[in-house]
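Quick one, structure for this:
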Amino acid sequence: MASSPDTGSWTPSRAIPYANLKEFAASWIRERIFSGELRPGSKIDQDAIAQELGISKLPVREALITLDSEGLVNIVARRGAFVASLTREDILDHYQLFGMVAGIAAERAATNLTEADLDRLENVLDKLEASDSPEMRAQLNDEFHRIINLAGRSRRLMSVLKLLGKALPSRFYEFHTDWSTAADRDHREILAALKQRSPEAARQAVADHLRRSGEHAVRFLESTGFWSSVPDRGRRA
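You can find the predicted model right below:
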């Protein structure tokens, strides 16, 4: 595992299109937090973010409000916005909750997926494992899970999954360079359970995958020194 992430300069031209500028800014800030570039307790420079992204301050302020509701940012009246002092347990809990909900969708998908759907999942995994591009792997990873989640056939489940997924970094394969092998193995276990038409096995495989994702995220953040220094001013009262 690398000692620090190579975040580079993420400009709008490199970003995946978002529905609006608020979502774009929120995603940008999340990535900086989960990459370790924005440390817990550090003040977020709204002017600098707006300038770097080439947008006005309004969507940046709206993004920070969203991130405050997610627990990633603390907005302090008359002082500004600070990166929340996330604990290891906060991150593990979030991934575990994500896994529980995604597991319900997978449980239902085990009986709802058609043979054509299963062939599509197999094709996605073949492409994912063959790709050396972090961006392409991330897109294929999203497609794999989206097929399963949609097969859950529940608008409520999809709504909750979307909410939980937004609070996670979207460039996982880029920042977490040693994650690919573990993720590929997990995906094959999930597909095997779905092919067996085993709801319980599918639910457990997805839940385990997301739990391990959380454990890996914690190890990665530890390697960047994410928790090495947490200024008091960013702590929530």
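
so how far is Leu97 from the spatially most central residue of the chain?
In the chain, the residue lying closest to the centroid (Cα atoms, centre = their mean) is Leu168, at 2.6 Å. Using Cβ to Cβ, to the nearest Å, Leu168 is found at 11 Å from Leu97. To be clear about C-beta, it is placed using only N, CA and C from the backbone, and glycine gets the same treatment.

Check Asp68 too.
Going from Asp68 to Leu97 by Cβ to Cβ gives 19 Å.

Equivalent analysis for Leu86, please.
Distance of Leu86 to Leu97, given as Cβ to Cβ: 15 Å.

Now do the strands in this structure.
Along the chain, counting by DSSP state E, strands occupy 73-76, 80-83.

follow-up on the earlier one: distance of the residue nearest to the centre of the chain from Ile33?
If you measure Leu168 against Ile33 using Cβ to Cβ, the figure is 11 Å.

same check, this time on Asp119
Computed as Cβ to Cβ, the Asp119 to Ile33 distance reads 38 Å.

Looking at the two, which has the bigger crowd around it?
Ile33 (23 against 11; other Cβ atoms under 10 Å).

my read: Glu215 touches Ile91, true?
No. Counting by Cβ atoms under 8 Å, Glu215 stays clear of Ile91, with 9.2 Å between them.

Can you pull the poorly scored residue ranges out of this protein?
1-19, 169-177, 229-237 (pLDDT under 70).

again, only using 50
Along the chain, segments meeting pLDDT under 50 span 1-17, 231-237.

quick one, phi/psi of the residue in the chain sticking out farthest from the centre?
The C-alpha centroid of the chain is most remote from Arg78, which lies 30.5 Å away (Cα atoms, centre = their mean). Torsion angles at Arg78 (phi, psi; degrees, to the nearest 10) stand at phi 60, psi 10.

from memory the residue nearest to the centre of the chain sits against His94, does it?
Yes. Counting by Cβ under 8 Å, Leu168 sits close enough to His94 to count as a contact (7.4 Å).

Can you point out the buried residues in stretch 185-195?
Within stretch 185-195, the residues that count as buried by 16 or more other Cβ atoms under 10 Å are Asp186, His187, Glu189, Ile190, Leu191, Ala193, Leu194.
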